[in-house]
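**Q** test case, fold it:
(2 chains)
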Amino acid sequence: MRVFNSRRFVAMLSKESLQILRDPASLLIAFALPPFLLFLFGYAVNLDTARTRIGLAMLDNSDAALSLESAYRSSRWFDVQTSNSVAPLKTDLVAGRVRGIVVIPQDFGRLTASDAASIEVITDGSLPNTASFVAAYAEGVRQTWAAGQVAEKGRPLAAAPIETDARYWFNPELTSRFFLVPGSMAIVLTIIGTLLTALVIAREWERGTMEALMATPLSMVEFIATKVIPYFLLGLASAFICTVLAVTVFGVPFRGSAPALLLIVSAFLVPALGQGLFISAATKNQFVASQIALLTAFLPALLLSGFLYEISSMPGWVQILTYAVPVRYLMPLLQSVFLAGDIWPLFLPNILAMLGFGLVFFLATSRVTRRRIA
Amino acid sequence: MNTSSRLRLKAMIVKELWAVLRDPRARITLIVPPLLQLFLFGFASTLEVKNITLGIYDQDRGARSREVIDAAAGSPNVRHLVRLDSPQAVARAIDNREVIAVMSFDANFSRDVAAHRPAQVQLVFDGRRSNAAQIVNGYLGQIVAGVGAGILASPQIPGGSIVTNWFNPNLDYLWFTMPALIVTIAALSVLSVTSQSVARERELGTFDQLLVSPLRTYEILAGKVTPALLLGTFNATIYLLLIPNVFGVPFTGSILIFYLALFVYLIALIGIGLLVSILARTQQQAFLGMFLTTIPLIILSGYAAPIDNMPGWLQVIAQANPLAHFLVIIEGLFLKSMPLGDVLANLWPLLVIAAVALTSAALLFRSKLE
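**A** You can find the predicted model right below:
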């Protein structure tokens, strides 16, 4: 029996493609999911802190205290709610109505005269990031106000001996959407490549139509290729939709080249499809396949890929684990091809890593399949 | 309830439990992944920025630049320093993501400091990771200001602020993540199970057998609700034991209120899961439907990014999300010893969501039966 027969191959390929085209669920996932997820991540996941509600406890009515109060009121970082005691604001902090409390203490006015006036800042530690933000910006508002006070008195303020000048390459406006939208494209490709593939093919195993295919003269190579190629094309189509939306709707710059993007996406689809195929062949059960795909593909793509959380901040053993997640290699490439350009020294090793994973998954699939059938 | 009805109900519940627990692999799938997720994602999902690799381009090679570099090397957030010797090397290190930031000193840096001229440290960041880059900028700004304060002894701006972090004194991110995982993992596992329940019978054809059985609608639904309710309570109980004892996150609230809120939350989730399941014709559609419901529920819960940061119209939509309300309750019960009044303020929206979801599931189910 020949390993590859082009007539057989074309016949199988058209059968598999028709099967997908007639399945509304697959098409819906491929074409409706990209805009849905992009909108969700583009709008709902905003890591750029907006105005924060804080309580201001005015325990002092001196001119200095009132002037600091108006500094907080006019700050663009805070929505201020004033009270003349701390107690009601503490209740608000527990209930989550305010995210922090600034206390202007009783002797604030008197101490300001002698340059020793401090404020107290109480933050809501149950939201650690917001808490750091409140502490830093509350102090920032106070510093600007104190510098103004000193200047009013006509005393020259010593300039800091060393200053920093920060520049952000590729994303000078620091828009988090610019890295979240290309990142969500990686999530979409994982869903189509692994989740959808695992689910659809597990159903064929469950129903026994796979065994029927096995009884035909189809070779293992032809079998795997014809199963995978239609999903590969589906993945490319949704990558195309994502790119168009990212650039037109979300205004994400595209500084790389289209061939580079095509190569990156294709290289990632190899391990993604391999993993999906392997899960389906190893479990042959829709529910188990779906749960395993969720656990080993979707959640790692969201959490272990560097998409939302910095890999370097994770504990060592989790960092090692991220090397086993193919999306980890995709994420920097997608962000780069959109924001930075074609950086081949970065692209090539990551593309090779993804292809390597793909090879492992396909070899594992063909082993599992052969064993199960025998 | 008469005896035969009670018998029918019992039989239905036993049948449903078997449907979920019969397959040993499915049994493992219900228990092991939630635990794995707790450990793995608890540690992975941190918005802190640690262990950074910093590039140094020092043309000054003077005492002052060395002082700043040493201070940076001593920072607990900096893991490695990479020496770069040309602007091209700086560009390459950033482009290839070898460093998240580069600190450069021009040739006159130490001389400028000595002459009391404003001396500048140039910082270049990888904007592809703009969020982490901003945090690193905060660290580096502090380090540089610290060195500067050492050079010029008198404080530049009078006064200061004394910061107290309530509920989580060291701002440990794990204290936020761990309780939040009860909310998200319970949603994932409960929705997975309930969304399959009706769809599986449809696909296997046993749904028609239910129709001809003497079971009433509410009995069938009660049977469908039970496994997920038990599973959710079981997993949440394990978390409630593990999180304070293994991860050291305090549980400061009332256990009774925890279970009360959990019950309402699970019912809300089950209602949503059943709606998906009744609308799906196959298991595959049910899974995809579950998936398409769960992602927005988790994203709009305040777990991945604060709801406060979302645009106004999305904040309104987030009010209909049971995860958002339960997250406030859970964080409150773990960290804030939240009083009953505040819990109830978040519990009644949860009750409304549960009532609406379960009622519409029952109505839809009845319409499918007829």
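
**Q** pLDDT wise, what is the residue nearest the centre of chain A at?
**A** Against the mean C-alpha coordinate of chain A, by CA atoms, centre = their mean, the closest residue is A:Phe307 at 3.4 Å. You'll see A:Phe307 listed with a pLDDT of 90.

**Q** what comes up buried for whatever helix or strand A:Gly276 lives in?
**A** Using DSSP states H and E, the element containing A:Gly276 is helix A:258-283. Neighbour-count burial for helix A:258-283 flags A:260-261, A:263-283 (criterion: 16 or more other CB atoms under 10 Å in any protein chain shown). From N, CA and C alone the C-beta is placed, and that goes for glycine too.

**Q** give me the residue from the stretch 151-300 of chain A nearest chain B.
**A** Residue of the stretch 151-300 of chain A nearest chain B, by CB to the nearest CB: A:Asn171 (3.1 Å).

**Q** quick one, domains of chain A?
**A** By the assignment in automatic domain parsing, chain A contains the domains A:12-45+A:176-373, A:52-152.

**Q** looking at those domains, which is nearest to B:Val121?
**A** Among the domains of chain A, the nearest to B:Val121 by CB to CB is domain A:52-152 (19.6 Å).

**Q** what about that closest one, near chain B?
**A** Yes. Shown here: domain A:52-152 in contact with chain B (CB under 8 Å from any CB of the partner chain) through A:52-53, A:93-96, A:99, A:111-112, A:115-132, A:135-136, A:138-139, A:142-143, A:146-147, A:150.

**Q** low-scoring stretches of the stretch 101-250 of chain A, by residue?
**A** Along the stretch 101-250 of chain A, segments meeting pLDDT under 70 span A:156-159.

**Q** please enumerate the helices of it.
**A** A:108-113, A:128-152, A:177-190, A:197-207, A:209-214, A:220-248 (DSSP state H, counting those that start in this stretch).

**Q** could you give the mean pLDDT of stretch B:337-357?
**A** 94.

**Q** starting at the chain centroid, how far to the helix holding A:Gly276?
**A** 19 Å (CA atoms, centre = their mean, to the nearest Å).

**Q** now do stretch B:65-76
**A** That offset, for stretch B:65-76, works out to 34 Å (CA atoms, centre = their mean).

**Q** and it, what's buried?
**A** B:65, B:67-69, B:71-72.

**Q** which ones among those are found in strands?
**A** Assigned to strands by DSSP state E, none of these qualify.

**Q** any buried residues in stretch B:257-274, and which?
**A** B:257-258, B:260-262, B:264-274.

**Q** just the CA trace of it, in PDB.
**A** Taking C-alpha atoms only, stretch B:257-274 is exported to PDB below (Å, rounded to 0.1, in the frame of the first residue of the first chain):
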ATOM      1  CA  ILE B 257     -22.400  33.400  55.200                       C
ATOM      2  CA  PHE B 258     -19.800  31.800  52.900                       C
ATOM      3  CA  TYR B 259     -22.000  28.700  52.300                       C
ATOM      4  CA  LEU B 260     -25.100  30.800  52.000                       C
ATOM      5  CA  ALA B 261     -23.600  33.000  49.300                       C
ATOM      6  CA  LEU B 262     -22.000  30.000  47.700                       C
ATOM      7  CA  PHE B 263     -25.400  28.300  47.400                       C
ATOM      8  CA  VAL B 264     -27.000  31.300  45.700                       C
ATOM      9  CA  TYR B 265     -24.000  31.600  43.400                       C
ATOM     10  CA  LEU B 266     -24.000  28.000  42.400                       C
ATOM     11  CA  ILE B 267     -27.800  28.100  41.700                       C
ATOM     12  CA  ALA B 268     -27.200  31.200  39.500                       C
ATOM     13  CA  LEU B 269     -24.400  29.400  37.600                       C
ATOM     14  CA  ILE B 270     -26.500  26.200  37.200                       C
ATOM     15  CA  GLY B 271     -29.400  28.300  35.900                       C
ATOM     16  CA  ILE B 272     -27.100  29.700  33.200                       C
ATOM     17  CA  GLY B 273     -25.600  26.300  32.500                       C
ATOM     18  CA  LEU B 274     -29.000  24.700  32.000                       C
END
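
**Q** close to chain A, is that stretch?
**A** No. Stretch B:257-274 stays clear of chain A (CB under 8 Å from any CB), getting no nearer than 13.7 Å.

**Q** and the buried ones among the residues of domain A:52-152 next to chain B, selectable in PyMOL?
**A** In PyMOL, a selection of the buried entries from these looks like this (16+ other CB under 10 Å):
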select buried, chain A and resi 52+53+93+94+95+96+99+111+112+117+118+119+120+121+122+123+124+125+126+127+128+129+130+131+132+135+138+139+142+143+146+150
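
**Q** near chain A at all, stretch B:166-185?
**A** Yes. Stretch B:166-185 reaches chain A (CB under 8 Å from any CB) through B:166-169, B:171-173, B:175-176.

**Q** so which bits of that stretch are buried?
**A** Those would be B:166-168, B:171-185, for stretch B:166-185 by 16+ other CB under 10 Å.

**Q** average pLDDT across it?
**A** 92.

**Q** now it: how far from the chain's centre is it?
**A** 9 Å.

**Q** for that stretch, C-alpha coordinates in PDB please.
**A** Extracted in PDB, the C-alpha atoms of stretch B:166-185 (Å, rounded to 0.1, in the frame of the first residue of the first chain):
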ATOM      1  CA  TRP B 166      -5.600  47.400  55.100                       C
ATOM      2  CA  PHE B 167      -6.800  43.800  54.700                       C
ATOM      3  CA  ASN B 168      -3.400  42.800  53.100                       C
ATOM      4  CA  PRO B 169      -0.500  44.600  54.700                       C
ATOM      5  CA  ASN B 170       2.200  43.500  52.300                       C
ATOM      6  CA  LEU B 171       0.000  43.800  49.200                       C
ATOM      7  CA  ASP B 172       0.600  40.100  48.500                       C
ATOM      8  CA  TYR B 173      -1.000  39.400  45.100                       C
ATOM      9  CA  LEU B 174      -1.700  35.800  46.100                       C
ATOM     10  CA  TRP B 175      -4.100  37.100  48.700                       C
ATOM     11  CA  PHE B 176      -6.300  38.600  45.900                       C
ATOM     12  CA  THR B 177      -5.800  35.700  43.500                       C
ATOM     13  CA  MET B 178      -6.600  32.700  45.700                       C
ATOM     14  CA  PRO B 179     -10.100  33.800  46.800                       C
ATOM     15  CA  ALA B 180     -10.800  34.900  43.300                       C
ATOM     16  CA  LEU B 181     -10.000  31.400  42.000                       C
ATOM     17  CA  ILE B 182     -12.900  30.000  44.000                       C
ATOM     18  CA  VAL B 183     -15.100  32.200  41.900                       C
ATOM     19  CA  THR B 184     -13.600  31.400  38.500                       C
ATOM     20  CA  ILE B 185     -12.800  27.700  38.900                       C
END
